[in-house]
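>>> sharing a model that was predicted from the sequence below.
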Amino acid sequence: MRFFPFTRLITRSALTRSAWLLLLAGFVFVLTYRAPVSSTGSDPFLSLLVSQAVVEQGTVQLDAYQEQMASAFTDNYRLVKANGHTFYVYPNMPSLLAVPVVWGLRQFGWDMTQRPFSDAAQRLLASSLCVFILFTLYATARLYLPTRSSLWLTAVFMLGSSLVSTLGVAFWSADFATLFGAIVLLLLSLHEQKRPVRGLPLWLGVALFFAYACRPTMAVLVALVLLYLLWVDRRVGLETAVIAAFCLGLFSWHAHATYGSWLPPYFLASTSREFSSANAAPWLAALYGITFSPGRGLFTFTPTLLWVLAGVIWQVAYVRRRPLALLLLAWMSLHALMITRFWNWWGGFSFGPRLFTELLPGFAWLAAVLWARVTAVAPQRLRTRIAATFLGLGALSIFIHSYSGLHNLAAIELDGGVLPPHVDHAPALLLDWRFLPFLADADTLCARNAAYFGQQEGNGRLRLSPLVWDEPVFWREADNVRLLPNLPWSEPEESPPQLAPNAAYRTYLPVIINQAPLHAFFIGWGYAQIEVVWSLCPEATILFVAPPDVDADSTYLLAVTGRSKQRQTMEIVLNGTVLGNVQFDEATSTQSVPVAGAWLRADAYNQLTFVLPVTTQSDDTPFRYGVALNQFALQRK
């Protein structure tokens, strides 16, 4: 009986540890599931439709939904044709793993052909996978650290990294890939510490296969792990290789039967733009971009990793004696090198270093091992300083990812989804320290838009045809911005795009082929929508070239057709001269103001600016909507 109080203390301590872990897990789930920022309409848009196709049709083919979702199947980059059928172009393995969840949701009437259900299901899966990753990170950390330190480390790496800001906002292929990568690392850690794991080669082989099948870039980890195991434990390495090869054989057989190739289209670099050398950046430029740049830098967005980097350098002799540490450092280096050869090393439309997300469990492992080393060799005062540094950098990382990455809509819109340019057209802006995504607001977005057009004007790429008297310039010309890709490593074009006259206007993403002459560029305006283009900045400008026969002694009319979300008066300024005020409301109308011929520049661009003292804040974007312009024209009286 005298041991009873001690037993009760242990029980309460265990319960307390479990409670804190479960509280952290619940917080991560709610944080990601309820976050305003969402990427469910991006690459993963049709991922759960594949799961539903398996449930309802018994196949990953999407042909059965083509008529029902005709608009979603038209010119959709997420779809690919193979063997006469339509498929989701991204890896199908995450969709297959989600089949039980989608089957269960279907019992409650959830239909993945409907966007609200698909979005909610994606968020449910993404948040759940974040929780599973959290548990795996914690279990790994506990192999090296006491409970409290493991909880702190797990919290910092979950809340202060792309594990929440990327994996938590959509059902990416990286969600499952990161989980399986974390499981592989947990199993390797158990093996390193000589802890028995029944069926270790089986679990390792299966986890490695699923990591690769979910995301082909994980092939680097697969190869390195097999080499590592052959080095430290040949028997386990050979058995793991056999299991992984068997799974890969089944995978290839299924791919050949389904697509007619031994690997799915997305896995074949020869059919992908990923390794296209035509637009590849110089290696050092891309390396800086993915590590320390303001727009995508791994260490810029996750300062905690600077602590890990400093620890590796400080304890390099110790790290060199840990084969598993060498494996992880090799994985990180080769992965970074691979990304630098991608044509879009920035990872497209995203927040921060999205393409490094699957490496984060490796960084967390290094942090745990380094902290265990610090505890063993450093004096108390030094340990306190090192811990304070880690927590300080961790707090900054948490602000960046858990607040800005999940709640700051301007941070994600800085990639140009609504206000040009799109990041794929102007990746040079990712290197501009004026535009830090995690500090962005609506003014930052407008400043980025203006800076882009300023660069284009400075290098002579804004080339326009003169206006024609009494002929309107329509809203659709706002998309002329798509004709101006500005890769930082490309050579300047010798001539502007050659456009054939009198051809139909057609839209192809990510470029616009407008075969009519270009008459205007829109600065501070969004992309063209149905019949209108919205001004999104307090001052929205239109650049144009005046007709060649302007008479300085004549007076003309500027006619503007548009509407607004609410009644408001705006000021129209031409080249710094106030023309007058016009008023718009919810109904489309045409307003006119007089223009003196002397105010028009005959030998330079004219700047027509709409000054909007009152704007309407959007509910789902950081922008302030002013006037919806349908057309404008210079008219003779």
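Looks like it came in fine.

>>> can you give me every residue that contacts T154?
L24, L134, L137, Y138, A141, A364 (CB atoms under 8 Å, 6 or more residues apart in numbering). For every residue, glycine as well, the C-beta is placed using N, CA and C.

>>> apply 7 Å and report the result again.
Under the criterion of CB atoms under 7 Å, 6 or more residues apart in numbering, the contact list for T154 reads L134, L137, Y138, A141.

>>> of those, which is the most crowded?
Greatest neighbour count in the contacts of T154, by other CB atoms under 10 Å, goes to A141: 27 neighbours.

>>> now that residue, nearest residue through space, not along the chain?
The spatial neighbour of A141 that comes closest, neighbours along the chain excluded (CB to CB, 6 or more residues apart in numbering), is S150 at 3.9 Å.

>>> element containing that neighbour?
Per DSSP states H and E, S150 falls inside helix 147-159.

>>> I'd say Y527 and E477 touch.
No: the criterion here is CB atoms under 7 Å, and Y527 misses it with E477 at 11.2 Å.

>>> flag the shaky bits of the chain, pLDDT-wise.
1-15, 269-280, 483-517, 614-623 (pLDDT under 70).

>>> quick check, central residue of it?
S350 (1.6 Å; CA atoms, centre = their mean).

>>> against V60, how distant is that one?
From S350 across to V60, the span is 26 Å (CB to CB, to the nearest Å).

>>> repeat for L414
Using CB to CB, L414 is found at 35 Å from V60.

>>> just say helix, strand or coil for V578.
The three-state label given to V578 by DSSP: H, G, I helix; E, B strand; the rest coil is strand.

>>> please, where are all the strands along the stretch 451-600 of the chain?
Along the stretch 451-600 of the chain, the stretches classed as strands by DSSP state E, counting those that start in this stretch are 473-474, 506-508, 511-513, 520-523, 533-534, 539-544, 555-564, 568-574, 577-584, 589-596.

>>> with mean neighbour count and distance to T40 added, can I get those in TSV?
Shown next, in TSV, are these (neighbours: other CB atoms under 10 Å; distance: least, CB to CB, whole Å):
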stretch	mean neighbour count	distance to T40
strand 473-474	20	33
strand 506-508	11	23
strand 511-513	16	25
strand 520-523	24	29
strand 533-534	26	23
strand 539-544	22	30
strand 555-564	19	30
strand 568-574	18	34
strand 577-584	15	34
strand 589-596	16	38
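
>>> can I get those strands in CSV with distance to F171?
Listed next are the strands of the stretch 451-600 of the chain as CSV, based on distance: least, CB to CB, whole Å:
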stretch, distance to F171
strand 473-474, 39
strand 506-508, 27
strand 511-513, 29
strand 520-523, 35
strand 533-534, 30
strand 539-544, 37
strand 555-564, 38
strand 568-574, 41
strand 577-584, 41
strand 589-596, 45
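
>>> mind listing what F45 touches?
Counting by CB under 7 Å, 6+ apart, F45 makes contact with R78.

>>> contact partners of stretch 35-42?
Outside of stretch 35-42, the residues within contact range by CB under 7 Å, 6+ apart are D119, Q122, R123, G168, V169, A170, F349, G405, L406, H407, L409, I412.

>>> try it again with 6 Å
D119, Q122, V169, A170, L406, H407, I412 (CB atoms under 6 Å, 6 or more residues apart in numbering).

>>> next, count neighbours for the fourth one.
Meaning A170. The burial count for A170: 23, using other CB under 10 Å.

>>> OK, contacts around it?
S39, T40, P44, Q122, A126.

>>> now for R34, how many residues are close by?
Count around R34 with other CB under 10 Å applied: 11.

>>> neighbours around the residue nearest to R383 when sequence neighbours are not counted, how many?
For R383, ignoring the flanking residues on the chain, the nearest one in space by CB to CB, 6+ apart is V374 at 5.9 Å. Neighbour count for V374, taken as other CB under 10 Å: 17.

>>> now V374: how far from L329?
18 Å.

>>> which residues does L202 contact?
With CB under 6 Å, 6+ apart, L202 has these contacts: I243.

>>> is it true that it lies in a helix?
Yes: counting by three-state DSSP, L202 is part of a helix.

>>> just checking, F438 touches I398?
No: between F438 and I398 there is no contact under CB atoms under 6 Å: 11.2 Å.

>>> quick one: the helices in the stretch 51-200 of the chain, in order.
Secondary structure of the stretch 51-200 of the chain (DSSP state H, counting those that start in this stretch): helices at 70-73, 93-97, 99-107, 115-141, 147-159, 162-165, 173-192, 200-214.

>>> from the chain's centroid, how far away is the second one?
Meaning helix 93-97. 21 Å (CA atoms, centre = their mean, to the nearest Å).

>>> what is that helix packed up against?
If you count contacts as 3 or more CB pairs under 6 Å, 6 or more residues apart in numbering; DSSP states H and E, helix 93-97 packs onto helix 47-57, helix 173-192, helix 200-214.

>>> buried residues in it?
For helix 93-97, a neighbour-count test (16 or more other CB atoms under 10 Å) marks M93, P94, S95, L96, L97 as buried.

>>> cool, and the fifth one?
For helix 147-159, the buried set under the neighbour-count rule, 16+ other CB under 10 Å, comprises T147, S149, S150, L151, W152, L153, T154, A155, V156, F157, M158, L159.

>>> distance check, the closest residue to the second one other than its chain neighbours against R320.
For S149, ignoring the flanking residues on the chain, the nearest one in space by CB to CB, 6+ apart is W371 at 6.3 Å. Between W371 and R320 the computed distance is 18 Å (CB to CB).

>>> more crowded one of those two?
Shown here are W371 and R320; by other CB under 10 Å, W371 has more neighbours (25 against 11).

>>> helix, strand or coil for that one?
Applying three-state DSSP: W371 is helix.

>>> hmm, back to that, more crowded one of L414 and V60?
Counted by other CB under 10 Å, L414 and V60 do not tie: L414 has more neighbours, with 26 against 20.

>>> my read: that one touches F438, true?
No: between L414 and F438 there is no contact under CB under 6 Å: 9.4 Å.

>>> let's verify the closest residue to D119 other than its chain neighbours: helix, strand, or coil?
Leaving aside its chain neighbours, D119 sits nearest to T40 (4.3 Å; criterion: CB to CB, 6+ apart). Under three-state DSSP, T40 falls in the coil class.

>>> number of residues surrounding T40?
Residues near T40, counting by other CB under 10 Å: 21.

>>> what does P282 give?
11.

>>> pull the helix or strand in which A450 is found out as PDB, backbone CA atoms only.
Assessed by DSSP H and E, A450 sits inside helix 442-458. The C-alpha trace of helix 442-458 is given here as PDB (Å, rounded to 0.1, in the frame of the first residue of the first chain):
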ATOM      1  CA  ALA A 442      -4.100  45.200 -49.500                       C
ATOM      2  CA  ASP A 443      -1.600  48.000 -49.900                       C
ATOM      3  CA  THR A 444       1.200  45.500 -50.500                       C
ATOM      4  CA  LEU A 445      -0.800  43.800 -53.200                       C
ATOM      5  CA  CYS A 446      -1.400  47.100 -55.000                       C
ATOM      6  CA  ALA A 447       2.300  48.100 -54.600                       C
ATOM      7  CA  ARG A 448       3.400  44.800 -56.100                       C
ATOM      8  CA  ASN A 449       1.000  45.300 -59.100                       C
ATOM      9  CA  ALA A 450       2.300  48.800 -59.700                       C
ATOM     10  CA  ALA A 451       6.000  47.700 -59.400                       C
ATOM     11  CA  TYR A 452       5.400  45.000 -62.000                       C
ATOM     12  CA  PHE A 453       4.000  47.400 -64.500                       C
ATOM     13  CA  GLY A 454       6.800  49.900 -63.700                       C
ATOM     14  CA  GLN A 455       9.300  47.200 -64.500                       C
ATOM     15  CA  GLN A 456       7.600  46.400 -67.700                       C
ATOM     16  CA  GLU A 457       7.400  50.000 -68.800                       C
ATOM     17  CA  GLY A 458      11.100  50.500 -67.900                       C
END
